[in-house]
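Asker: My questions concern the predicted model and sequence given below.
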Amino acid sequence: MNEPFILEITYQNKSLEFPAAFQRYGYTYRIAVSIDEQPYVFEPDEEGQYRVIGAPPGALQDLGLLQAIAEKLAKLG
């Protein structure tokens, strides 16, 4: 389950690819997505939507990109 994979999304009419990996966390899991070589951690909420719970200092300010990634992760499940 900790196998890395490539997350492909379309954002602002551009195809983007990000390295990602599942991380077991207790009885659930998180998904670490690398954006510009910085790890962002997403986890599912009670409704099955994803949210960012961990971002590096000086994190990416493009909230639209983070939302697009969260929406793609929700579709994978």
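Answerer: Ah, there it is. Numbering: from 1, shown residues only.

Asker: Quick one: the helices in the protein, in order.
Answerer: 63-76 (DSSP state H).

Asker: Tell me the strands beside the lowest-mean-pLDDT helix or strand in it, with direction?
Answerer: The weakest-scoring helix or strand in the chain, judged by mean pLDDT, DSSP states H and E, is strand 50-54 (a mean of 88). Its sheet considered, strand 50-54 pairs with strand 38-44 (antiparallel) by DSSP bridges.

Asker: Which positions within the strand it pairs with qualify as buried?
Answerer: 40-44 (16 or more other Cβ atoms under 10 Å). (Each C-beta comes from the backbone N, C-alpha and C, glycine too.)

Asker: One more: stretch 64-72?
Answerer: Buried residues in stretch 64-72, counted by 16+ other Cβ under 10 Å: 65-66, 68-70, 72.

Asker: again, but for stretch 44-52
Answerer: Across stretch 44-52, burial judged by 16+ other Cβ under 10 Å covers 44, 50, 52.

Asker: first to last residue in it, what's the distance?
Answerer: By Cα to Cα, to the nearest Å, the extent of stretch 44-52 from end to end equals 9 Å.

Asker: what residues does that stretch touch?
Answerer: 28-29, 31, 40-43, 66, 69-71, 73-74, 77 (Cβ atoms under 8 Å, 6 or more residues apart in numbering).

Asker: returning to that earlier point: among the buried residues of stretch 44-52, which one lies nearest to Gly58?
Answerer: Val52 (14.5 Å; Cβ to Cβ).

Asker: okay, Gly77: pLDDT?
Answerer: Note on Gly77: pLDDT of 69.

Asker: can you list the buried residues of stretch 44-52 in JSON lines and add distance to Ala20?
Answerer: As requested, those are exported to JSON lines (distance: Cβ to Cβ, whole Å):
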{"residue": "Pro44", "distance to Ala20": "14"}
{"residue": "Tyr50", "distance to Ala20": "12"}
{"residue": "Val52", "distance to Ala20": "13"}
